[in-house]
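[1] After the sequence you'll find the predicted model.
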Amino acid sequence: MSLNLYPLARTFLFNLDPETAHDLTLNQLAQTQNTFLDRAYRQPWIADPVQLAGLTFPNRVGMAAGLDKNARCIDGLGAMGFGFVEVGTVTPLPQPGNDKPRMFRLAGAKALINRLGFNNQGLDAFVANVKKSKFRSQGRLLGLNIGKNASTPIERATDDYLIGLSGVYEHADYVTVNISSPNTKNLRSLQTDEALDQLLSALNERKKALADTHQKRVPVFLKIAPDLDDAQVAVIAQSLVKHQMDGVIATNTTLSRDAVKGMPHCDEAGGLSGSPVLAGSNRVIRLLRQHLGPQFPIVGVGGILSGYDAVSKIEAGADVVQIYTGLIYKGPALVHEVAKALKQISQS
């Protein structure tokens with residue numbers, strides 16, 4: 001049963017500083033998950049299973065990484081009707097992230113700008129929280145998103161990703177390698193050909209070793225930016241196949257401000273998410289599908305604020321979708337709306 005209290009809650013939350021509202025919401029989810037109080041945000045479940053990367057996704061709408069960086073609210077998010085939830089980005093060591101303020105609403109564009117900078121409590125705390133959650137035992141899928149510490153030189157970034165992959169592997173249904181956040185210095189340079197080849201080669205070797213050690217295969221996805229040109233997308237597609245990655249998540253936040261010029265906070269540094277990212281994300285998805293063929297798994301994320309937006313991702317070439325900023329603007333009812341819309345097109 002859903003009480004759909006979000007319109008009232010949003011009025012209160014949008015009168016707070018964005019990061020204060022974010023932290024308050026996560027604290028409430030952590031405290032009320034797995035209790036009768038989760039009726040305040042619980043949504044009716046929609047089953048719409050799809051096979052992807054050797055996994056059965058219970059439906060085609062997921063929670064994107066970035067909201068629950070420390071994996072504290074997996075079960076609370078699961079109650080909203082997600083078929084899969086992705087948490088993180090986690091780094092090997094705890095780090096505070098960038099200086100505050102570092103999150104800004106652009107309500108007129110249904111958008112956010114953030115420059116959080118992978119603020120998180122580190123790998124040990126993250127894994128401990130994952131192990132407490134019940135979400136996976138309910139037959140749903142959990143993605144764990146890994147990154148590098150800001151203090152790690154970019155030439156040693158691979159070391160951090162290997163530590164992260166080894167640390168989360170046995171607790172994940174899939175692992176996402178985040179090389180596309182704009183808020184860690186030089187991180188996006190890992191998307192260039194030589195650096196990407198080195199990173200993915202090392203990850204593939206470690207993935208094979210971990211599969212032998214744990215006697216199970218965990219897919220590894222790569223998360224990329226929407227600001228890549230056509231040639232860069234083509235190179236990434238080739239690298240994904242060459243190094244046997246299991247899927248790609250398109251896309252992260254954008255550095256472009258074309259769609260929000262003149263709005264308050266539009267010139268703040270950081271990644272822009274929400275409605276303005278929809279078209280750019282869909283462009284990258286279309287290019288990936290052209291280069292990767294019909295079978296390679298693509299997760300579409302960026303700018304979904306309605307069922308119609310989610311359908312546009314599938315039409316562009318995505319297999320499943322994720323939401324984040326849309327949840328902040330529309331609330332948990334958006335999860336049900338998206339899941340229902342995607343089930344309708346899967347049956348048509």
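    Yep, that arrived.
[2] how about A341, what does it touch?
    Taking C-beta atoms under 8 Å, 6 or more residues apart in numbering, we find A341 in contact with 307-308, 310-311. All C-beta spots, glycine's among them, are computed from the backbone N, C-alpha and C.
[3] Who wins on neighbours among these?
    A310 (29 neighbours; other C-beta atoms under 10 Å).
[4] Leaving out sequence neighbours, find the closest residue to that one.
    V338 (4.4 Å; C-beta to C-beta, 6 or more residues apart in numbering).
[5] residues touching the one you found, list them.
    61, 304, 306-307, 310, 321, 323.
[6] Let me know the closest of the contacts of A341 to D68.
    A310 (20.5 Å; C-beta to C-beta).
[7] Now the closest one: which helix or strand?
    helix 307-316 (DSSP states H and E).
[8] Tell me which residues are up against the least confident helix or strand in the chain by mean pLDDT.
    When the helices and strands of the chain are compared on mean pLDDT, DSSP states H and E, helix 6-13 comes out lowest with a mean of 90. For helix 6-13, contacts defined as C-beta under 8 Å, 6+ apart pick out 21, 24-25, 41, 329-333.
[9] try 6 Å
    With contacts defined as C-beta atoms under 6 Å, 6 or more residues apart in numbering, helix 6-13 is touched by 21, 331.
[10] and the next helix or strand after that helix, how far from the chain's centre?
    Where DSSP H and E defines the elements, the next helix or strand beyond helix 6-13 is helix 18-32. The chain centroid and the centroid of helix 18-32 are separated by 18 Å under C-alpha atoms, centre = their mean, to the nearest Å.
[11] now the helices: where do they sit in the stretch 51-200 of the chain?
    Taking DSSP state H, counting those that start in this stretch as the criterion, the stretch 51-200 of the chain carries its helices at 74-78, 123-132, 157-168, 193-214.
[12] mind giving me JSON lines with the ones you listed and columns for mean pLDDT and mean neighbour count?
    JSON lines is the format used below for those (pLDDT from 0 to 100; neighbours: other C-beta atoms under 10 Å):
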{"stretch": "helix 74-78", "mean pLDDT": "98", "mean neighbour count": "25"}
{"stretch": "helix 123-132", "mean pLDDT": "98", "mean neighbour count": "17"}
{"stretch": "helix 157-168", "mean pLDDT": "97", "mean neighbour count": "21"}
{"stretch": "helix 193-214", "mean pLDDT": "94", "mean neighbour count": "16"}
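[13] of all those, which lies closest to K242?
    Closest to K242 of those, according to C-beta to C-beta: helix 193-214, at 7.5 Å.
[14] helices or strands next to the closest one in the packing?
    Applying 3 or more C-beta pairs under 6 Å, 6 or more residues apart in numbering; DSSP states H and E, we find helix 193-214 packed against helix 157-168, helix 230-242.
[15] Just the residues contacting it, thanks.
    Outside helix 193-214, the residues touching it (C-beta under 6 Å, 6+ apart) are 158, 162, 165, 169-170, 190, 217, 220, 235, 239, 243-244.
[16] May I ask which of those has the most neighbours?
    For these, the largest neighbour count, defined by other C-beta under 10 Å, is 25 neighbours, found at V220.
[17] what's near enough to touch it?
    175, 207, 245-246.
[18] ok, now how distant is the nearest residue to it once chain neighbours are set aside from P294?
    Of all residues not flanking V220 in the chain, V175 sits nearest, at 5.0 Å (C-beta to C-beta, 6+ apart). Distance of V175 to P294, computed by C-beta to C-beta, to the nearest Å: 24 Å.
[19] okay, the two: which has more neighbours?
    When neighbours are counted by other C-beta under 10 Å, V175 comes out ahead of the other of V175 and P294, with 26 against 7.
[20] residues contacting that one?
    By C-beta under 6 Å, 6+ apart, the neighbours of V175 are 144, 165, 168, 220.
[21] Repeat that for E170.
    With C-beta under 6 Å, 6+ apart, E170 has these contacts: H214.
[22] Kindly give the local confidence score, pLDDT, for it.
    For E170, the pLDDT comes out at 97.
[23] that's a helix at Y329, yeah?
    Yes. Under DSSP: H, G, I helix; E, B strand; the rest coil, Y329 sits within a helix.
[24] In strands, which of the contacts of V220 fall?
    Those of the contacts of V220 mapping onto strands are V175, per DSSP state E.
[25] biggest separation within the contacts of V220, which pair?
    Spanning the widest gap among these are V175 and M245, at 10.6 Å by C-beta to C-beta.
[26] if we can go back for a sec, helix/strand/coil for the residue nearest to A310?
    For V338, the assignment made with three-state DSSP gives helix.
[27] so where do the strands sit in the stretch 1-150 of the chain?
    50-52, 55-57, 61-63, 84-90, 103-106, 111-114, 141-146 (DSSP state E, counting those that start in this stretch).
[28] quick one: buried residues of stretch 224-236?
    Residues of stretch 224-236 classed as buried: 224-228, 232-233, 235-236 (neighbour count, 16 or more other C-beta atoms under 10 Å).
[29] Just the terminal-to-terminal distance for that stretch.
    9 Å (C-alpha to C-alpha, to the nearest Å).
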